[in-house]
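>>> turn this into a model:
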Amino acid sequence: MNAYRTNLFINPQAHPPPDYGPAQKVLLNQEAFADVEAEVTNLPGYQPTPLIALNGLASASGVDALWCKHEGYRFEVGSFKPTGPVYAMLSVLKGEIKKATGVETVTTQDLVDRKYESVTQEIVVSAATSGNHGRALAWGARMFGCRCVIYMNDGVSAGREAAIAAYGAEVVRVPGNYDRAVQRSYGEAKALGYFIVSDDKSAEYPHISREIMQGYAMVAAEIVQQVSDAQPSTHVFVPGGGGRFAGATCGHLWDRYGNNHPRVVVVEPTASACLYQSAIENRAATVSGDGRSVMDGLVVQSASAQAWRILGDGAFAFLTIPDEATVDAIRQAAAGVGGDSPVVIGETGIAGWAGFLAATRDENLRQQLGLDCNSRIVIIATEGATDPEVYYSLVGASPEAVLAGSKPQSTE
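This next block holds a predicted model:
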């Protein structure tokens, strides 16, 4: 099989790995994570998402062990997003209840029980999204009894809009790219009194963006619990985007394992790779243009400055991949390799798997990333088939049919 056209940047700042220092701990630390863990694990329906062993693909790829951390099973939302935005939403709702009632202690259970529904029903949370972020917010808003308005640019599929609206949220379509949707969301939030729950700072609740990243660390914490300390992972392939999820993953593993943390490989679409560009410039960077990719949720123009404080020193490598690798990886996951069970992953969530596929097809990438017969690798799949129609168009079978044993289109 031919190698894909990729770009790889080995981060000199992380080789050798530095200490996890004050600049990182102010964003992610064990005390802050203890609150995340207490809140997220007590949300209705919480279960750790599975770590799926891929023994057949590991053998075929010449590595010792390979697992897929599958976020498609996160609550009923089908992606990792409830760990971050929903956790951050709690700050807004509790803060507004305290202002309105004078009650000093408001618990999450109070919100679930609708104890302060007379207040929460007047609160509107909002954000721009390409799908999963908005879906998570809409799910949380329905659970906690507040309103939700979500802004989506016109390139996002109708299926993703319908999934958000199904939770009772209002969806506003915005012409242009994702950044246009962000601008519209902030403009209307200011004019209409909405509360933005997004990666950017909010005037009323400036810690929201940091809390989103802290919430995302829940995924890495579960990986730590699921992988044996006797044989920890050596590499973690994680999707990029604006960097907050990758930063949370890198930061939690770095804090937990110290200088012996796994090599974090950040994967982005070549068409939109702000983190790869950040690594080249050694600062949080912005890329120009309206990059288009099948990995639509990773098409982000600007890297998060907060996330870069972790990734800039902690991530081992930044890898960009073409859409061809993404489609091949979705089909490979659906088919199973060497007796592996089929795995259903959406087109954005597959990026880590596609990065692993690209790396193991290219001997030069293998050597630079240190992938060999002793490597133990975790691929983080950040979503299931959150848009079944898009999934069918790429695989040639529905998610249900794949899990029932139908074979996808060939990856050859």
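>>> make it CA atoms for all contacts and neighbour counts henceforth
OK.
>>> can you list the low-confidence ranges for this protein?
Low-confidence segments of the chain, defined by pLDDT under 70, are located at 201-203, 289, 410-412.
>>> can you give the domain ranges for it?
Partitioning the chain according to automatic domain parsing yields domains covering residues 7-79+213-403, 81-209.
>>> Three-state assignment for residue 69, please.
Following DSSP: H, G, I helix; E, B strand; the rest coil, the label given to residue 69 is strand.
>>> and for residue 236?
State at residue 236, reduced to three classes by three-state DSSP: strand.
>>> what would the domains of the chain look like in a markdown table with distance to residue 1 and mean neighbour count?
What follows is the domains of the chain, written out as a markdown table (distance: least, C-alpha to C-alpha, whole Å; neighbours: other C-alpha atoms under 10 Å):
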| stretch | distance to residue 1 | mean neighbour count |
| --- | --- | --- |
| domain 7-79+213-403 | 7 | 21 |
| domain 81-209 | 32 | 20 |
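>>> make JSON lines out of the ones you listed and add distance to residue 409.
As requested, the domains of the chain are exported to JSON lines (distance: least, C-alpha to C-alpha, whole Å):
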{"stretch": "domain 7-79+213-403", "distance to residue 409": "6"}
{"stretch": "domain 81-209", "distance to residue 409": "22"}
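>>> all helices for the stretch 301-412 of the chain, in order.
Secondary structure of the stretch 301-412 of the chain by DSSP state H, counting those that start in this stretch: the helices cover 305-314, 323-335, 351-361, 363-369, 388-395, 399-403.
>>> so which of those is nearest residue 130?
In this view, the helices of the stretch 301-412 of the chain are compared for proximity to residue 130 by C-alpha to C-alpha, and helix 388-395 is the closest at 13.7 Å.
>>> so the closest one versus helix 323-335, what angle?
With axes from the mean of the first three to the mean of the last three C-alpha atoms, to 10 degrees applied, the angle from helix 388-395 to helix 323-335 works out at 100 degrees.
>>> show me what helix 388-395 is packed against.
helix 323-335, helix 399-403 (3 or more C-alpha pairs under 8 Å, 6 or more residues apart in numbering; DSSP states H and E).
>>> and those helices as a markdown table, adding distance to residue 164?
Written out in a markdown table, the entries for the helices and strands packed on helix 388-395 read as follows (distance: least, C-alpha to C-alpha, whole Å):
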| stretch | distance to residue 164 |
| --- | --- |
| helix 323-335 | 23 |
| helix 399-403 | 19 |
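>>> residue 363: which of those is closest?
Nearest of the helices and strands packed on helix 388-395 to residue 363, taken as C-alpha to C-alpha: helix 323-335 at 16.0 Å.
>>> just to revisit the earlier point, and the helices and strands packed on helix 388-395: which comes nearest residue 244?
Taking C-alpha to C-alpha as the criterion, helix 323-335 is the member of these that comes nearest to residue 244, at 21.1 Å.
>>> how far is the longest helix seen in the chain from where the chain is centred?
Among the elements of type helix in the chain, defined by DSSP state H, the one spanning the most residues is helix 208-226. On the basis of C-alpha atoms, centre = their mean, to the nearest Å, helix 208-226 sits 10 Å off its chain's mean C-alpha point.
>>> just stretch 166-186 next, same as before
On C-alpha atoms, centre = their mean, the centre of stretch 166-186 falls 19 Å from that of its chain.
>>> what's that stretch in contact with?
Taking contacts as C-alpha atoms under 8 Å, 6 or more residues apart in numbering, the residues outside stretch 166-186 that touch it are 126-130, 135, 138-139, 142, 147-155, 161, 164-165, 196, 290, 300-301.
>>> before we move on, what about stretch 15-29?
With contacts defined as C-alpha under 8 Å, 6+ apart, stretch 15-29 is touched by 210, 214, 248, 251-252, 254-255, 258-260, 306, 309-310, 313-314, 316.
>>> quick one: the longest helix of the chain to helix 305-314, angle?
Helix 208-226 and helix 305-314 meet at an angle of 40 degrees, taking the same axes, to 10 degrees as the criterion.
>>> hey, C-alpha coordinates of the host helix or strand of residue 133 in PDB?
Following DSSP states H and E, the helix or strand that holds residue 133 is helix 132-144. Presented in PDB, the C-alpha positions along helix 132-144 are these (Å, rounded to 0.1, in the frame of the first residue of the first chain):
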ATOM      1  CA  ASN A 132     -20.700  17.800  18.700                       C
ATOM      2  CA  HIS A 133     -20.100  20.800  21.000                       C
ATOM      3  CA  GLY A 134     -23.600  22.100  20.200                       C
ATOM      4  CA  ARG A 135     -25.100  18.700  20.700                       C
ATOM      5  CA  ALA A 136     -23.500  18.300  24.100                       C
ATOM      6  CA  LEU A 137     -24.700  21.800  25.200                       C
ATOM      7  CA  ALA A 138     -28.300  21.000  24.000                       C
ATOM      8  CA  TRP A 139     -28.200  17.700  25.900                       C
ATOM      9  CA  GLY A 140     -27.000  19.500  29.100                       C
ATOM     10  CA  ALA A 141     -29.500  22.300  28.700                       C
ATOM     11  CA  ARG A 142     -32.400  19.800  28.500                       C
ATOM     12  CA  MET A 143     -31.100  18.000  31.600                       C
ATOM     13  CA  PHE A 144     -30.700  21.200  33.600                       C
END
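>>> so which elements touch it?
If contacts are counted by 3+ C-alpha pairs under 8 Å, 6+ apart, helix 132-144 sits against helix 85-101, helix 108-112, strand 124-128, strand 147-153, helix 158-165.
>>> turn these into JSON lines, including distance to residue 41.
JSON lines is the format used below for the helices and strands packed on helix 132-144 (distance: least, C-alpha to C-alpha, whole Å):
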{"stretch": "helix 85-101", "distance to residue 41": "11"}
{"stretch": "helix 108-112", "distance to residue 41": "12"}
{"stretch": "strand 124-128", "distance to residue 41": "22"}
{"stretch": "strand 147-153", "distance to residue 41": "23"}
{"stretch": "helix 158-165", "distance to residue 41": "23"}
